[in-house]
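S.K.: Return a 3D structure for these sequence lines:
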Amino acid sequence: MDDSLTTYFEIRTFGDSLKIEVLEYITYNSDLDWDNNWLRTEISVGCGDFSGTYIAELMTLEFKELRNQFDYLYHNLTASTLFKDRENQLSFEIKGNGNGNFELEGIAYGSSSEYCAKLYFTLHFDQSYIPGFIKMLDTILQQYPVIGNFRA
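M.R.: Next up is the predicted model:
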């Protein structure tokens, strides 16, 4: 892996954005594939006058699942999908209106605690953005591949 590359996924439209930058694998020195698929990430959300940035632990599997969800949405314009990471630090639902336009409604959690700060946000994009999203996710998965034998 070339550490000089910045590896991220970003939705940026009309001045609003969601960005997930992968910083590194988290090394647990474990024999379990599950433990070897954790990534330290920096999540940034900006909508209107509100923004926030925080460190979160996501799994390689979650990037694979998100990539598959975008592929599904690209071919099913009335579909909806739900992304929710396993540590409850970021979740969002994407809904298509059937005309190639999508709305993402999300929640960024300051920690996985029930009583943490939350930032609710909404982003809009159209079908033409999805191939770029998939390309960013493919780049992440090339730099940080799923380790082991998982189905996602």
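
S.K.: Quickly note the distance from Ile134 to Lys84.
M.R.: Counting by CB to CB, to the nearest Å, the gap from Ile134 to Lys84 is 20 Å. Where you see a C-beta, it was placed from the backbone N, CA and C, and this is true even at glycine.

S.K.: Compare those two (neighbour count), which wins?
M.R.: Ile134 (19 against 15; other CB atoms under 10 Å).

S.K.: Leaving out sequence neighbours, find the closest residue to that one.
M.R.: Leaving aside its sequence neighbours, Ile134 sits nearest to Phe70 (CB to CB, 6 or more residues apart in numbering; 5.3 Å).

S.K.: State the distance from that neighbour to Asn36.
M.R.: For Phe70 relative to Asn36 (CB to CB), the value is 25 Å.

S.K.: Wait, a helix at Phe70?
M.R.: Yes - checked against DSSP: H, G, I helix; E, B strand; the rest coil, Phe70 lies within a helix.

S.K.: Lys19 versus that one, what's the distance?
M.R.: 16 Å.

S.K.: Looking at those two, which one has more neighbours?
M.R.: Remark: of Phe70 and Lys19, Phe70 carries more neighbours, 21 against 17, as counted by other CB under 10 Å.

S.K.: Contact partners for the more buried one?
M.R.: Shown in contact with Phe70 (CB atoms under 8 Å, 6 or more residues apart in numbering): 130, 133-134, 137.

S.K.: Same check on Ser128?
M.R.: Residues near Ser128 by CB under 8 Å, 6+ apart: Gly100.

S.K.: and the gap between it and Lys135?
M.R.: Note on Ser128: its distance to Lys135, by CB to CB, is 13 Å.
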